[in-house]
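**Q** Here is the input, now give the coordinates:
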Amino acid sequence: MTDEVAPRLSVDLPAGTVEVSADHQRPDDAWATIVIAHGAGAGYRHPFLVGFARGMRAEGVATLTFNFPYLEAGRRMPGPATHAIAASRAAIAFAVSRADGTPVWACGKSYGGRMASMAVADAAELADAVSGLVYLGYPLHPPGDDTKVRAAHLPVIGAPQLFVEGTNDPFVDPHSQLDEAVASCRDATIEWIDGGGHSFEVKGHKRTADEIGSQLAPLVAAFMRSRRPDPTAA
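**A** Here you go, the predicted model:
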């Protein structure tokens, strides 16, 4: 059984408070929650995220997906990063309030992962609340321009970080730049998806976006389990 809630999350922006759509689903005996942010060009119900969230719930992890304010307002292009960061913080706070003391992880596809990382890096209260972060195709730099690396804030994050990356993703080419960024972090790991593009599509291997997302879930859940606190530790 899974409890389903469709909350409206309140997000405090400089011009006032707005509400964004969200889906929260919690399996029986969930051992963790993962807050999943969408990419720049797709909302919280994109098939990739729906599949990934379903796969995570099959692994016993509660899921919270949500819209960023710009998409909720009907705009296609992201607005100020501060707005997306505020939405990430609101989503994480909601997840913590419903987690029954179990770990809460932040996650995002591409842009959403970068916004989650900035939200955690910039807020001490989130650093204490978030058990780890997962990036599904972290956009290290714009395709074709590896001079604009977006990684300066990553070493600030003390929680474990998992980078799930396609080997053919133009946002992390050359791979050595991501290797260097990950090496600068306190606790970070890369899991490469052989042949995968930015959305983990593999040439010659036909799968729907829903299937691609769901197939990443076991890898992510295994990493989360590996970072669970040891209850026998002093």
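
**Q** now for the longest strand along the chain, which elements pack on it?
**A** Scanning the chain for the strand with the most residues, using DSSP state E, yields strand 16-27. In this structure, strand 16-27 packs against strand 2-5, strand 8-13, helix 47-58, strand 61-66, helix 69-72, helix 81-98, with contacts taken as 3 or more C-beta pairs under 8 Å, 6 or more residues apart in numbering; DSSP states H and E. Any C-beta I mention is one placed from the backbone N, CA and C, and that applies to glycine too.

**Q** who's in contact with the residue most central in space within the chain?
**A** Centroid-nearest residue in the chain, with C-alpha atoms, centre = their mean: residue 107, separated by 1.6 Å. When the contact criterion is C-beta atoms under 8 Å, 6 or more residues apart in numbering, the partners of residue 107 are 34-37, 113, 116, 133-136, 220.

**Q** for these, which one is nearest residue 9?
**A** residue 35 (10.6 Å; C-beta to C-beta).

**Q** mind checking the SS state of residue 35?
**A** Here residue 35 is strand, with the state taken from DSSP: H, G, I helix; E, B strand; the rest coil.

**Q** I'd guessed it sits against residue 91; true?
**A** Yes. If you go by C-beta atoms under 8 Å, residue 35 and residue 91 touch, sitting 5.0 Å apart.

**Q** which residues do these two both contact?
**A** By C-beta under 8 Å, 6+ apart, residue 35 and residue 91 have these common neighbours: 64, 66.

**Q** Wasn't the residue nearest to the centre of the chain part of a strand?
**A** Yes. Assessed with three-state DSSP, residue 107 lies in a strand.

**Q** Find the residue closest to it in space, skipping its chain neighbours.
**A** Once flanking residues are discounted, residue 107 sits nearest to residue 134: 4.0 Å by C-beta to C-beta, 6 or more residues apart in numbering.

**Q** Next, count neighbours for the one you found.
**A** By other C-beta atoms under 10 Å, the residues close to residue 134 number 29.

**Q** Look up which helix or strand it falls in, please.
**A** strand 130-136 (DSSP states H and E).

**Q** same deal with residue 162?
**A** strand 161-166.

**Q** Return the list of strands paired to that strand, each annotated with direction.
**A** strand 130-136 (parallel), strand 188-193 (parallel) (DSSP bridges).

**Q** now the first one: how far from the chain's centre is it?
**A** Computed by C-alpha atoms, centre = their mean, to the nearest Å, the separation of strand 130-136 from the middle of its chain amounts to 6 Å.

**Q** returning to that earlier point: which of the strands paired with strand 161-166 is buried the deepest?
**A** Highest mean neighbour count of the strands paired with strand 161-166: strand 130-136, a mean of 25 (counted as mean count of other C-beta atoms under 10 Å).
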